[in-house]
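Trainee: kindly return the folded structure for what I paste below:
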Amino acid sequence: MEASQSCVIAGGGPAGMMAGLLLARAGLRVTVLEKHPDFLRDFRGDTIHPATLELMAELDWLEEFLALPHQKAPDLHAEMGGRQVTIADFSHLPLSCRYIAFMPQWDFLNFLAGKGEELPNFQLLMGHRIVELLREGDRICGVHWENDAGDEGDIHVPLVIGADGRQSVVREQAGLEVVDFGSAVDVIWFRLSRSPDDPAPAMSHAGPQQGLVLIDRGDFWQCGYVIRKGGFDDLKASGLTAFRAALAALAPLPEKRFEEIADWDQVHLLSIRMDRLKRWWAPGVLCIGDAAHAMSPVGGFGVNLAIQDAVATANILSGPLRDGVLSETDLARVQARRMFPTRATQRLQRMMRRKRNDKGEAAPRPPGFLRMIARFPILSRLMGRLIGMGFRPEHISKDLLHDQS
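Mentor: Residues are numbered from 1 along each chain as shown. Okay, the predicted model is just below:
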């Protein structure tokens with residue numbers, strides 16, 4: 001089918017790439033603009049949830065996708081009262097894959113980019129930044145871009161999709177209002193080597209205040225250390241010796257392992273924020289993924305929620321775009337479809353995080369919600385469903401399962 005309409009997507013992350021692929025499969029000309037020259041950025045969301053794996057199965061990509069290096073986590077754990085408690089059990093999900101797959105996000109995105117190369121009407125432009133939204137009256141009608149080579153140009157389209165993350169240029173220039181829920185903490189990410197004698201859980205929260213997250217990445221541990229908001233400079237001022245000692249006090253790893261952290265350059269700060277747009281759209285533009293709702297890393301929901309947004313966007317908008325009748329009502333339908341799972345997920349994340357005082361110090365006990373799971377282990381299956389599938393899992397429309405390009 002010859003493409004009759006086109007769309008520009010800002011951002012080549014999970015939401016942008018998946019939305020672009022599905023819209024291109026519907027016969028639309030799609031251009032994805034990614035500001036970085038490649039996908040090689042560490043400590044991004046590397047959790048591929050069961051619901052996302054189910055979408056890979058719907059597209060008949062699952063076997064090829066799982067041939068990429070990854071680690072499987074059939075459950076998630078937290079230390080409470082000196083014992084490991086299962087807080088999410090995925091083994092009973094009614095899906096093809098009953099586990100989280102930990103995979104470097106650049107491998108995931110490169111996989112999607114490879115699928116896009118097979119579609120004649122899908123274009124991915126790396127090193128291209130959106131500088132300005134173009135307007136006709138009160139309607140956004142395209143973008144002005146620049147690339148790393150110094151070139152620039154305009155693309156006029158019926159729809160601009162902002163999937164350019166929590167620092168979204170699209171949502172800022174579109175004037176979309178953000179509701180900020182704040183955060184009392186930031187997270188520091190770093191790597192440690194992994195030994196065969198190390199603890200088995202693929203992902204766990206360690207320590208009496210759950211201040212350390214360990215993710216088994218095969219030959220190394222991906223570690224996240226929770227600090228008070230804005231406290232990174234103070235942490236560095238205390239020195240690496242104090243930092244290593246604080247980590248060793250929480251981790252079920254030999255103290256000597258932390259000597260691998262020899263320089264602050266090995267440590268990466270993730271500034272935590274949780275927010276969402278009041279309205280995800282304006283005439284000619286729609287925001288999805290982190291551009292519409294920045295998530296806390298608690299539960300690793302962000303990638304899956306972004307992918308689900310992309311599927312809903314393609315399911316709802318591909319027809320109107322193809323027929324040249326896209327309206328504001330169509331854009332509002334996407335938000336209406338995805339607002340409930342966004343609100344519910346952010347509410348769940350707030351329930352899962354530990355309360356802190358004005359100094360950023362964590363409460364001595366885990367949140368009541370997690371203590372309830374520890375008391376009634378059957379609830380770990382419910383958490384497995386909420387984390388693994390989300391509050392409203394999306395399925396790809398039959399019209400999009402067959403390439404119409």
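Trainee: name the residue most distant from the centre of this protein?
Mentor: Distance from the centre of the chain peaks at residue 137, with 34.0 Å (C-alpha atoms, centre = their mean).
Trainee: and that residue, how far from residue 282?
Mentor: 12 Å (C-beta to C-beta, to the nearest Å). The way it works is simple: take the backbone N, C-alpha and C, and place the C-beta from them, glycine included.
Trainee: swap in residue 384?
Mentor: Distance from residue 384 to residue 282, by C-beta to C-beta: 38 Å.
Trainee: likewise for residue 347?
Mentor: Here residue 347 is placed at a distance of 26 Å from residue 282 (C-beta to C-beta).
Trainee: repeat for residue 164
Mentor: Residue 164 is 15 Å from residue 282, by C-beta to C-beta.
Trainee: the two: who's more crowded?
Mentor: Just comparing residue 164 and residue 282: by other C-beta atoms under 10 Å the higher neighbour count belongs to residue 164, 27 against 21.
Trainee: tell me the contacts of that one?
Mentor: Going by C-beta atoms under 8 Å, 6 or more residues apart in numbering, residue 164 touches 10-11, 13, 16, 35, 130, 170, 291.
Trainee: mind doing that once more with 6 Å?
Mentor: Residues counted as contacts of residue 164 (C-beta atoms under 6 Å, 6 or more residues apart in numbering) are 10-11, 170, 291.
Trainee: residue 309 too?
Mentor: 15, 288-289, 338.
Trainee: among the contacts of residue 164, which are located in strands?
Mentor: Applying DSSP state E to those, the entries found in strands are residue 10.
Trainee: mind putting the contacts of residue 164 into TSV with neighbour count and pLDDT?
Mentor: Conversion of the contacts of residue 164 to TSV gives the following (neighbours: other C-beta atoms under 10 Å; pLDDT from 0 to 100):
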residue	neighbour count	pLDDT
10	30	97
11	30	95
170	26	97
291	31	96
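Trainee: buried stuff in stretch 237-257?
Mentor: Within stretch 237-257, the residues scored as buried using 16 or more other C-beta atoms under 10 Å are 240, 243-244, 246-248, 250-251, 253, 257.
Trainee: nearest to residue 298, of the residues you listed?
Mentor: residue 250 (17.0 Å; C-beta to C-beta).
Trainee: buried set for stretch 302-320?
Mentor: Residues of stretch 302-320 classed as buried by neighbour count (16+ other C-beta under 10 Å): 302-318, 320.
Trainee: shaky segments in the stretch 1-150 of the chain?
Mentor: 1-5, 42-45, 80-82 (pLDDT under 70).
Trainee: hey, where'd the strands end up in it?
Mentor: Ranges of strands within the stretch 1-150 of the chain are 6-10, 29-34, 47-48, 71-73, 75-80, 83-89, 100-102, 122-126, 128-136, 139-147, based on DSSP state E, counting those that start in this stretch.
Trainee: any idea which of those gets closest to residue 373?
Mentor: Comparison of the strands of the stretch 1-150 of the chain against residue 373 by C-beta to C-beta identifies strand 83-89 as nearest, at 5.3 Å.
Trainee: what strands line up against that closest one, and which way round?
Mentor: Sheet pairing for strand 83-89, assigned by DSSP bridges, gives strand 75-80 (antiparallel).
Trainee: quick revisit: buried only: go through the contacts of residue 309 for me.
Mentor: Buried members of the contacts of residue 309, counted by 16+ other C-beta under 10 Å: 15, 288-289, 338.
Trainee: reformat those residues as TSV; add secondary structure and distance to residue 183.
Mentor: What follows is these, written out as TSV (DSSP: H, G, I helix; E, B strand; the rest coil; distance: C-beta to C-beta, whole Å):
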residue	secondary structure	distance to residue 183
15	helix	21
288	coil	22
289	helix	18
338	helix	22
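Trainee: with that, I have no additional questions.
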